[in-house]
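Visitor: Any chance you could fold what I've pasted below:
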Amino acid sequence: MITMLTLASSGVAVAQEIKAVQLYSQDELLKMIAENSHLTRVIEDRCQLVQDIEARAEVLRVPAYQYLWGDMLAWGVCVDAEPTRGIEFIAAAAKQGLPEALEQLGRYYAKGTLVQEDKERAVVYLREASALGNLKAQIQLAELFIDGYGSPYDYEEAYHWLYNAVTDDKKVHARIASYLQAMEKLMHPKAVRAARRPADS
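Guide: As a prediction, the model looks like this:
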């Protein structure tokens, strides 16, 4: 606990206690990233951890921290916005196989967020994230396939991932069901049967 003296509106010095914030564990940070609350948390912590986050991203090269630092730079959270450097750090996390980073790059290229829109490049990132079990990526990948992007050779695998997806979100469940129906129209019945195999086979 740190005690700071601040001036109240009356001009009288008032002691104000500021809690020292603990650095997030890897699991905690990954959970925040999955919930998309990581940037909000950094702000709520009054930007006290910027130097620690930067060190873990730049020096230790921890993927989750590279992703966080990249997002902070990309959107100017607690630091000056540097979108180019931000994307570089997110890409570095993706190269280390962080599914959330792969999914985000795929989403950015699909929508043209911060980067030039490139649906085929989006497919590459989303396919990688999908193979690592990222449900958001699996849904977006199916969406791109339905819209005519990517290779028909990948449809069976994408269908397989979605067919075996587990979610308690009714809207996501309904979206998956509609995408499976749409993909069935693009696939040979034999490929659909093969794609309906259990997840662990």
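Visitor: middle-most residue in this structure, spatially?
Guide: In the chain, the centroid-proximal residue (Cα atoms, centre = their mean) is Glu100; its distance is 3.4 Å.
Visitor: contacting residues around that one?
Guide: 30, 33-34, 67, 93, 129, 134 (Cβ atoms under 8 Å, 6 or more residues apart in numbering). C-betas here are computed from N, CA, C, even on glycine.
Visitor: Using PDB, list the CA coordinates for the strand or helix carrying Leu141.
Guide: Using DSSP states H and E, Leu141 maps to helix 135-146. The C-alpha trace of helix 135-146 is given here as PDB (Å, rounded to 0.1, in the frame of the first residue of the first chain):
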ATOM      1  CA  LEU A 135     -14.200 -21.200 -31.200                       C
ATOM      2  CA  LYS A 136     -14.400 -17.600 -32.400                       C
ATOM      3  CA  ALA A 137     -11.900 -18.400 -35.100                       C
ATOM      4  CA  GLN A 138     -13.800 -21.500 -36.100                       C
ATOM      5  CA  ILE A 139     -17.000 -19.500 -36.500                       C
ATOM      6  CA  GLN A 140     -15.300 -16.800 -38.500                       C
ATOM      7  CA  LEU A 141     -13.500 -19.300 -40.700                       C
ATOM      8  CA  ALA A 142     -16.800 -21.000 -41.600                       C
ATOM      9  CA  GLU A 143     -18.300 -17.600 -42.400                       C
ATOM     10  CA  LEU A 144     -15.400 -16.900 -44.900                       C
ATOM     11  CA  PHE A 145     -15.800 -20.300 -46.500                       C
ATOM     12  CA  ILE A 146     -19.600 -19.700 -46.900                       C
END
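Visitor: quick check, distance from it to the centre of its chain.
Guide: Distance of helix 135-146 from the chain centroid (Cα atoms, centre = their mean, to the nearest Å) equals 14 Å.
Visitor: now stretch 87-94
Guide: 11 Å.
Visitor: what's next to the longest helix along the chain, contact-wise?
Guide: Across the chain, the helix with the greatest residue count (assigned by DSSP state H) is helix 170-184. Applying Cβ under 8 Å, 6+ apart, the contact partners of helix 170-184 are 135, 139, 142-143, 145-146, 155, 158-159, 162-163, 165, 167, 192.
Visitor: can you list these in JSON lines and add neighbour count, pLDDT and distance to Asp52?
Guide: Listed next are those as JSON lines, based on neighbours: other Cβ atoms under 10 Å; pLDDT from 0 to 100; distance: Cβ to Cβ, whole Å:
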{"residue": "Leu135", "neighbour count": "20", "pLDDT": "97", "distance to Asp52": "30"}
{"residue": "Ile139", "neighbour count": "21", "pLDDT": "98", "distance to Asp52": "34"}
{"residue": "Ala142", "neighbour count": "25", "pLDDT": "98", "distance to Asp52": "38"}
{"residue": "Glu143", "neighbour count": "15", "pLDDT": "98", "distance to Asp52": "37"}
{"residue": "Phe145", "neighbour count": "24", "pLDDT": "98", "distance to Asp52": "41"}
{"residue": "Ile146", "neighbour count": "18", "pLDDT": "98", "distance to Asp52": "43"}
{"residue": "Tyr155", "neighbour count": "22", "pLDDT": "97", "distance to Asp52": "44"}
{"residue": "Ala158", "neighbour count": "27", "pLDDT": "97", "distance to Asp52": "39"}
{"residue": "Tyr159", "neighbour count": "24", "pLDDT": "98", "distance to Asp52": "43"}
{"residue": "Leu162", "neighbour count": "21", "pLDDT": "97", "distance to Asp52": "38"}
{"residue": "Tyr163", "neighbour count": "16", "pLDDT": "97", "distance to Asp52": "42"}
{"residue": "Ala165", "neighbour count": "16", "pLDDT": "96", "distance to Asp52": "35"}
{"residue": "Thr167", "neighbour count": "12", "pLDDT": "95", "distance to Asp52": "34"}
{"residue": "Val192", "neighbour count": "19", "pLDDT": "97", "distance to Asp52": "49"}
